[in-house]
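**Student:** Got a predicted model here, sequence first, then my questions.
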Amino acid sequence: MKEVVITGVGIVAPPGVSKREFWQNIKAGKSFISPIKRFDASNYPSQVAGQIENLNVDGLPRRLLKKIDKFSVMALIATDQAIKDASLNLAREDPYSMGIFIGNVLGGWLYAETELRDLYVEGRKGVSPYLASAWFPAAPQGQISIYYGIKGYSKTVVADRASALMAIGYAAQVIENKKLDIAFAGGTEAPVTPYALLCCSTEGSLSKGPYRPFDKERDGFVIGEGAGILILEDIGHAIKRGANIYGLITGYGTFCNGVDRIMPDPSGRGLARAIRATLNMAGYRPEDIDYICADGMGTKLGDISETRAIKEVFGSHAKRIPISAPKSMFGHLLGASGAVDLIITLLAMQDGTLPPTINYKTKDPECDLDYVPNQSRPKEIERALIISRGRGGINAVLAIERGVKLWKILRKG
Amino acid sequence: MENIEKRVRELFIKLLDMNPDEVTLEANLNDDLGMDSTEVVELTVALEKAFKIKIEDGEITNRHCVGDVVKIVEERLKK
């Protein structure tokens, strides 16, 4: 893949609702996981989450806000940031050459739960007529398209925790195939509601906290809410309008395990295959990779199988690659996680700093790689991989390359 | 009756978060107020609650004007 660049990012997440604030907090290795206070979570096995308090929605019309769920609100705010960050003037673009690719798992349960309660208590007239268009996973895609007048090929991807990375990989392929000039790609998730937390709990993978991927004492992941949207662009289109280029998307691979409904394949073979496919598409050798932003599910089997897959592909070089799960700071954003991890990796490349895995204390003999424990550290990153995995045995991997190098080539050329 | 007109207009203004000047009796629900079918459902349910009346599904559509809606409410209250 040689034709797709990233020219803008927008982030709404517990560590920050702007890329500057977000990155400063990630770099500092702070924790943004706190006890759930929005509802009584005392009967749930996991009572903590990465939460965004007092989200500023002043930029959105009140008439719209009552019709949409928080997951659409966060996606709209992140999209607005991304458009501004990319200095994109939408009036100058062909609406049919722009598309939207959003990942999501749960839908808008904050809206749905309240209205379903009203349905059972008050009957059908007690239910907001907006429920039907507010809760479903494709609602953010629809809202973004209406709000910005985007009319090109678009798709919502529901693939559990790999949703956002798959949406981005999909979008990149559509641009590579010259079907679009610009894609708004990423994910959004609002899982801090009683029913959504229940669904995550019954899966049996939630931690009581802290969220400590790759640590021997790990007991699962912690959920978090947020959205990440990136502007993907055809390279020629981006250069023509003089856009700032964060990086290139050079490879994408996805394979299924075909093993278990919930648990990953212990061997990590499906993931290893996805990593290899991504490296092949990008034309990279294993030693070209400077950093891996890991899925870091935080379960016993999740982290062991991810480590095994990396070791299988990278061999002796695996120990020299820094691998981290920055989501340990703010929770697993489920269907938005791949977009947030990609934004973190781009900002890490820009800053020359590796984001850490926090809460790491005890080494697990079966997870014996460099997980960038607890503190960020300086490192120039030219090429990186982002890994996302989901229930049902879904594996997705994206390869990216730093933008600065591209500019050097262009100047020479 | 003037009071009903005032209350109906206030309901429109509150539901649509619009400037009172835009919600005239002549304003068409679709063309002038930009209301879609779900907003019409919200309006219908709000009118039923506010005036304690019954309005059939589809009785108010976004082809109506604010004045038509006032008339429907007035007629229903007469019964």
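**Tutor:** Sure thing, it's come through.
**Student:** quick one: low-confidence ranges for the chain?
**Tutor:** Using chain A here. A:404-413 (pLDDT under 70).
**Student:** wrong one, I was asking about chain B
**Tutor:** Those would be B:1-2, if you go by pLDDT under 70 across chain B.
**Student:** who touches residue 25 in this structure?
**Tutor:** Let's take chain A. Contact analysis of A:Asn25 by Cβ atoms under 8 Å, 6 or more residues apart in numbering or on different chains lists A:Pro15, A:Gly16, A:Phe32, A:Met329. In this view, the C-beta of every residue, glycine as well, is placed from N, C-alpha and C.
**Student:** let's do chain B instead
**Tutor:** B:Leu25 is in contact with B:Glu5, B:Arg9, B:Cys65, B:Val66, B:Gly67, B:Val70, counting by Cβ under 8 Å, 6+ apart.
**Student:** and the residue of the stretch 151-300 of chain A nearest chain B?
**Tutor:** Residue of the stretch 151-300 of chain A nearest chain B, by Cβ to the nearest Cβ: A:Lys151 (18.2 Å).
**Student:** In space, what's closest to the residue of the stretch 1-150 of chain A found nearest chain B - neighbours in sequence excluded?
**Tutor:** As assessed by Cβ to the nearest Cβ, chain B sits closest to A:Pro129 within the stretch 1-150 of chain A, at 3.7 Å. Nearest non-adjacent residue to A:Pro129, counting by Cβ to Cβ, 6 or more residues apart in numbering or on different chains: B:Val41, 3.7 Å away.
**Student:** In this structure that neighbour contacts A:Ser128, no?
**Tutor:** No: the criterion here is Cβ atoms under 8 Å, and B:Val41 misses it with A:Ser128 at 9.0 Å.
**Student:** From chain A, how far off is the residue nearest in space to the middle of chain B?
**Tutor:** By Cα atoms, centre = their mean, the mean C-alpha position of chain B lies nearest to B:Val69, the distance being 4.6 Å. Using Cβ to the nearest Cβ, to the nearest Å, B:Val69 is found at 16 Å from chain A.
**Student:** That residue looks like it's in a helix, true?
**Tutor:** Yes: assessed with DSSP: H, G, I helix; E, B strand; the rest coil, B:Val69 lies in a helix.
**Student:** surely it meets B:Val8?
**Tutor:** Yes: with contact defined as Cβ under 8 Å, B:Val69 reaches B:Val8; the gap is 6.0 Å.
**Student:** Please enumerate the shared neighbours of the two.
**Tutor:** Common contacts of B:Val69 and B:Val8 (Cβ under 8 Å, 6+ apart): B:Leu47.
**Student:** which secondary structure element contains B:Val45?
**Tutor:** helix B:37-51 (DSSP states H and E).
**Student:** starting at the chain centroid, how far to that helix?
**Tutor:** Centre-to-centre, helix B:37-51 and its host chain are 8 Å apart (Cα atoms, centre = their mean, to the nearest Å).
**Student:** What residues sit buried inside it?
**Tutor:** B:Thr38, B:Glu39, B:Val40, B:Val41, B:Glu42, B:Leu43, B:Thr44, B:Val45, B:Leu47, B:Phe51 (16 or more other Cβ atoms under 10 Å in any protein chain shown).
**Student:** Now flag whichever of these is closest to A:Lys361.
**Tutor:** Closest approach between these and A:Lys361, by Cβ to Cβ: B:Thr38, at 51.9 Å.
**Student:** which one is that closest one nearest to, not counting chain neighbours?
**Tutor:** A:Pro129 (4.2 Å).
**Student:** A:Glu380: what's it in contact with?
**Tutor:** A:Asp290, A:Gly352.
**Student:** three-state assignment of it?
**Tutor:** coil.
**Student:** Could you measure from it over to A:Thr353?
**Tutor:** 10 Å (Cβ to Cβ, to the nearest Å).
**Student:** Could you do A:Ile52 as well?
**Tutor:** Using Cβ to Cβ, A:Ile52 is found at 24 Å from A:Thr353.
**Student:** Could you do A:Ile304 as well?
**Tutor:** Distance from A:Ile304 to A:Thr353, by Cβ to Cβ: 28 Å.
**Student:** what does chain B have sitting close to chain A?
**Tutor:** Residues of chain B lying near chain A by Cβ under 8 Å from any Cβ of the partner chain: B:Leu16, B:Asp17, B:Met18, B:Thr38, B:Glu39, B:Val41, B:Glu42, B:Val45, B:Glu48.
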